[in-house]
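Novice: structure for the following, please:
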Amino acid sequence: MAQIKDERQYQAIIKRVNELFFETDENTPESDPRLQELDMLTTLVEEYEKEHFPIDAPTLPETMSSRLAEKGWSQKEMAAALGMTAPRLNAILNGKANPTFEQARIISSRLNIDPAIVLAV
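Specialist: Got it, this is the predicted structure:
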């Protein structure tokens, strides 16, 4: 399959994707060559960006802080929900301590966080 070779080509393709994006809409038939070109070019862009602009997985403290905000909990409320002390939770949220295996299991299941994030693998 074709691939984007360099930044110059990437920028040219991005420009074309933007043009095609505004030339098509949800009513454009799938057989329209512009829509087919848009589909092909966005696939190329996605592959290039995965290789050249990777996004790191979030850390456990970042993910837990996000859950804290989503649920509208205080640290004390989250600590109670996880069955740990507030100082222990604070240490985990600040990256100063890692959860024990049992705490990791509870964090993963009760906060619906991917075990790979909890275990930092």
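
Novice: outline the domain layout of the protein.
Specialist: Using automatic domain parsing, the domain parsing of the chain gives 7-52, 60-118.

Novice: would TSV of these with mean pLDDT and mean neighbour count be doable?
Specialist: Using the backbone N, CA and C atoms, a C-beta is placed for each residue, glycine as well. TSV is the format used below for those (pLDDT from 0 to 100; neighbours: other C-beta atoms under 10 Å):
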stretch	mean pLDDT	mean neighbour count
domain 7-52	94	12
domain 60-118	95	15
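
Novice: show me where the chain has its helices.
Specialist: 7-23, 33-52, 60-71, 75-82, 86-93, 101-111, 115-118 (DSSP state H).

Novice: tell me what the fifth one is packed against?
Specialist: By that I understand helix 86-93. helix 60-71, helix 75-82 (3 or more C-beta pairs under 8 Å, 6 or more residues apart in numbering; DSSP states H and E).

Novice: may I see these organised as a markdown table, with distance to I113 added?
Specialist: Below are the helices and strands packed on helix 86-93 laid out as a markdown table (distance: least, C-beta to C-beta, whole Å):
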| stretch | distance to I113 |
| --- | --- |
| helix 60-71 | 5 |
| helix 75-82 | 11 |
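
Novice: could you report the pLDDT at M1?
Specialist: According to the prediction, M1 has pLDDT 66.
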